[in-house]
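Novice: Predicted structure and sequence below. I'll ask about it afterward.
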2 protein chains.
Amino acid sequence: MNDREKRRISIIGSGNWGSAIARIVGLNCRKLDYMVDEVKMWVFEEVLEDGRKLTDVINTEHENVKYLKGFKLPDNVVAEPDILKSTLNADYLVFVMPHQFLDRACAPLKGNLKPGAVGISLIKGFDLQPNGKVQLISELISQMLNIQVCCLMGANLAHEVASEKFCETTVGVYTDEQARIFKDIFETDTFRVSTVKDTHTVEVCGALKNIVACGAGFVDGLGYGDSTKAAVIRLGLIEMMRFAEHFYPGAKFTTFFESCGIADLVASCYGGRNRKVSEAVARTRKSMRELEKEMLDGQRLQGPATAAEVNVLLKERNLENDFPLFTTVHKICVAEVSPTEMLDCVLSHPDARWLKSKGFSLGVKTNGSAVRSDDA
Amino acid sequence: MNDREKRRISIIGSGNWGSAIARIVGLNCRKLDYMVDEVKMWVFEEVLEDGRKLTDVINTEHENVKYLKGFKLPDNVVAEPDILKSTLNADYLVFVMPHQFLDRACAPLKGNLKPGAVGISLIKGFDLQPNGKVQLISELISQMLNIQVCCLMGANLAHEVASEKFCETTVGVYTDEQARIFKDIFETDTFRVSTVKDTHTVEVCGALKNIVACGAGFVDGLGYGDSTKAAVIRLGLIEMMRFAEHFYPGAKFTTFFESCGIADLVASCYGGRNRKVSEAVARTRKSMRELEKEMLDGQRLQGPATAAEVNVLLKERNLENDFPLFTTVHKICVAEVSPTEMLDCVLSHPDARWLKSKGFSLGVKTNGSAVRSDDA
């Protein structure tokens, strides 16, 4: 195959997750005969303290010394500060940057992408438009650039992926071809990719788990034990399923058993900064914003933002009472109620009725056969 | 209602979990007009260091000073060292003692229970008979005493329940009446009971989660991160479901979302002694038995025992390869392979095919309608 027949992938973003994923994509593209070796990575240009440009450092030292220090990038990953140049002729576009920069950064791409290009979003959360419309990031990108957008979500911290500690991930796709190609491009011996044709559910999991992680942090900060926290995780997972069922009909139960589901949820409720800062909120009774400043150098957490976006949706449809855990986390984040409300929420949670309405039996075959519903 | 029309419950066992549950049952029976106030608790008689009998101390000080120090029992809970006397006229029998004492302790009850008496087992694990037969504890009790046996399992540590930290639990029952009565008897403001007519699955969860907790401990001891551990938990849960599907046909998917399922699994993989000792095995490379002696004063862990029992079943049916996580945990526990094998097991785990064969969609109604299976 000559280079003109081969396909190209570009990475739009170069933070720690972007850089970790660029290492993998770069190494895999070298091995795949249908992919061009070169992987352009769009880098928001910064001048480092020593006066050098970040793109120059990446392209000479092959390391993102600012956001993923200590890990070499393969030299076929090429940093490019011009977003249009970075995506020229790209068949696949990996979106991996903070949500708040997406709109402005991607504006130049409108109408300038290769026809048939496919996106894949690694960005977790929802987007809230000024007109009050709430949508997933993949929906936002898809609408903005008029391309199909898949997603990649799972229990995988950038640093653990870069260190080649074993991680799993889930890629949500629309076609079998996308499933095959994204598996080729992202999988390594220590980064296991599973693909499902249930894209929105994969992304819903990635967004909502951060709300639950805040809830887990609040009960940690209140001094409750492992059993209470396990209840929060369980009830949070059930609300995640209800949410997917309600807003993305056709969502599959089994997707919650992929890495993007329970695995990422559990990892976020034990590790991760949403849990950590929320614990501090409950312990110190300082505000979320104040603790973000103290503990994260002013960076914003994803959980409180997602809780607020989801709350807009729930309020609008009069569904707050059906999602008491999401609602309570939001109210605690904005200091409308005290963190102790988290416990009342768990105590009075109406999970049971919904769960019992789903009588899926493991014993039946799944192609067109009946499912049973005869729980107590 | 006079006392002769009322029903009686007895508690067979008085360790820390037995004592914690006796507090709840005692308080609830006082409030329920259809239950006799008095709750007999069978206590294996011991003479304390100060020369007093444990039953005397419990019946005068209303505290199990040996196994649940610091928590008062209601005075309608009466310690009784004679197992036959403790169960006289009992309609409900709560089995809560170490599995290894069950056979001998309960032998006197054979043929001496009130007709129609119902048991409920709080004992986690399987029973391996000398003839190689493996069964659940509820099945063992049921067969031995010829009664129906329900079970109670969930993310609830004795000490957290006694401290009235919020916990949930799942009661597996056979009839609506059992569901109603066990909810009355066991539920409190901080101990939430959910009932399901899927008894064996509830019990399977309670037993198998200890195997997964060992697996989580091994990867902790090997120094892997939260993402790897989340993968172990996820794959362990999938093997739990496969096991239930294979050995207890009709098992319900939804039961794994009850407290006995994911909640107890997660709590055990982060807290709990199976995880802790297994971590030490991987870290120090001492044997499981040696570390049980050092860390648990010689007490045996449940996880390695359950892994061995399950392995007998799997070997017999030539299913070891379908349950690689359970099999690997067993082999590590008996030092047949090194703890590092845990990672290879996760890396090569064939979860995906099974999961994809289950296409349950959340969007469809569950009474007799079709489910879809169109995953990538």
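Specialist: In hand now; what should we look at?
Novice: for chain A, which spans come out with low pLDDT?
Specialist: Where chain A drops to pLDDT under 70, the residues are A:352-353, A:358-376.
Novice: For the residue nearest in space to the middle of chain A, grab phi and psi.
Specialist: Computing the C-alpha centroid of chain A and ranking residues by C-alpha atoms, centre = their mean puts A:Lys124 first, at 3.0 Å. Reported as degrees, to the nearest 10, the phi and psi values for A:Lys124 are phi -100, psi 130.
Novice: Quick check: it touching A:Leu208?
Specialist: No: using C-beta atoms under 8 Å, A:Lys124 is not in contact with A:Leu208; the gap is 9.4 Å. The C-beta positions use only the backbone N, C-alpha and C, and glycine is treated the same way.
Novice: Spell out which residues are contacts of both of these two.
Specialist: Residues touching both A:Lys124 and A:Leu208 (C-beta atoms under 8 Å, 6 or more residues apart in numbering or on different chains): A:Thr306.
Novice: before we move on, the earlier item: any idea how far the residue nearest to the centre of chain A lies from B:Val57?
Specialist: 56 Å (C-beta to C-beta, to the nearest Å).
Novice: Please apply the same query to A:Asp3.
Specialist: 84 Å.
Novice: Neighbour count: these two, which is higher?
Specialist: B:Val57 (19 against 9; other C-beta atoms under 10 Å in any protein chain shown).
Novice: Pull the number of nearby residues for A:Val96.
Specialist: Neighbour number of A:Val96 under other C-beta under 10 Å is 24.
Novice: if I look at it, how far off is B:Gly250?
Specialist: Applying C-beta to C-beta to A:Val96 and B:Gly250 gives a distance of 44 Å.
Novice: Kindly report the same for A:Ala207.
Specialist: Going from A:Ala207 to B:Gly250 by C-beta to C-beta gives 35 Å.
Novice: And A:Val196, by the same measure?
Specialist: A:Val196 is 26 Å from B:Gly250, by C-beta to C-beta.
Novice: which of those two has more neighbours?
Specialist: Neighbours per residue (other C-beta under 10 Å) separate A:Val196 from B:Gly250, with A:Val196 holding more: 22 against 15.
Novice: Can you tell me the element A:Glu168 falls in?
Specialist: strand A:167-172 (DSSP states H and E).
Novice: ditto for A:Met41
Specialist: strand A:39-42.
Novice: by contact count, what packs against that strand?
Specialist: strand A:9-12, helix A:16-31, strand A:77-80, helix A:83-86 (3 or more C-beta pairs under 8 Å, 6 or more residues apart in numbering or on different chains; DSSP states H and E).
Novice: mind redoing it with 10 Å?
Specialist: With contacts defined as 3 or more C-beta pairs under 10 Å, 6 or more residues apart in numbering or on different chains; DSSP states H and E, strand A:39-42 has these neighbours: strand A:9-12, helix A:16-31, helix A:54-61, strand A:77-80, helix A:83-86, strand A:92-95.
Novice: In the stretch 1-150 of chain A, which residue sits nearest chain B?
Specialist: A:Cys150 (10.5 Å; C-beta to the nearest C-beta).
Novice: Pretty sure that residue sits in a helix.
Specialist: No: counting by DSSP: H, G, I helix; E, B strand; the rest coil, A:Cys150 is not found in a helix; it is strand.
Novice: which one is it nearest to, not counting chain neighbours?
Specialist: Excluding the flanking residues, the one nearest A:Cys150 by C-beta to C-beta, 6 or more residues apart in numbering or on different chains is A:Ile120, at 4.4 Å.
Novice: doesn't A:His349 make contact with A:Arg242?
Specialist: No: contact criterion C-beta atoms under 10 Å: A:Arg242 and A:His349 do not qualify, at 11.6 Å.
Novice: How about stretch A:45-62, which residues are buried there?
Specialist: Within stretch A:45-62, the residues that qualify as buried are A:54-55, A:57-59, A:62, counting by 16 or more other C-beta atoms under 10 Å in any protein chain shown.
Novice: Could you export these as JSON lines, including distance to chain B?
Specialist: Converted to JSON lines, the buried residues of stretch A:45-62 look like this (distance: C-beta to the nearest C-beta, whole Å):
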{"residue": "A:Leu54", "distance to chain B": "27"}
{"residue": "A:Thr55", "distance to chain B": "30"}
{"residue": "A:Val57", "distance to chain B": "27"}
{"residue": "A:Ile58", "distance to chain B": "25"}
{"residue": "A:Asn59", "distance to chain B": "30"}
{"residue": "A:His62", "distance to chain B": "25"}
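Novice: Could the C-alpha coordinates of stretch A:285-297 be exported in CSV?
Specialist: Coordinates of each C-alpha in stretch A:285-297 appear next as CSV, following Å, rounded to 0.1, in the frame of the first residue of the first chain:
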residue,chain,number,x,y,z
ARG,A,285,-17.4,22.4,55.1
LYS,A,286,-15.5,24.8,52.8
SER,A,287,-17.1,25.4,49.4
MET,A,288,-16.4,23.3,46.4
ARG,A,289,-14.9,26.3,44.6
GLU,A,290,-12.7,27.2,47.5
LEU,A,291,-11.3,23.6,47.6
GLU,A,292,-10.8,23.4,43.9
LYS,A,293,-8.6,26.5,44.3
GLU,A,294,-6.7,25.0,47.2
MET,A,295,-6.3,21.5,46.0
LEU,A,296,-6.3,21.7,42.2
ASP,A,297,-4.6,25.0,41.7
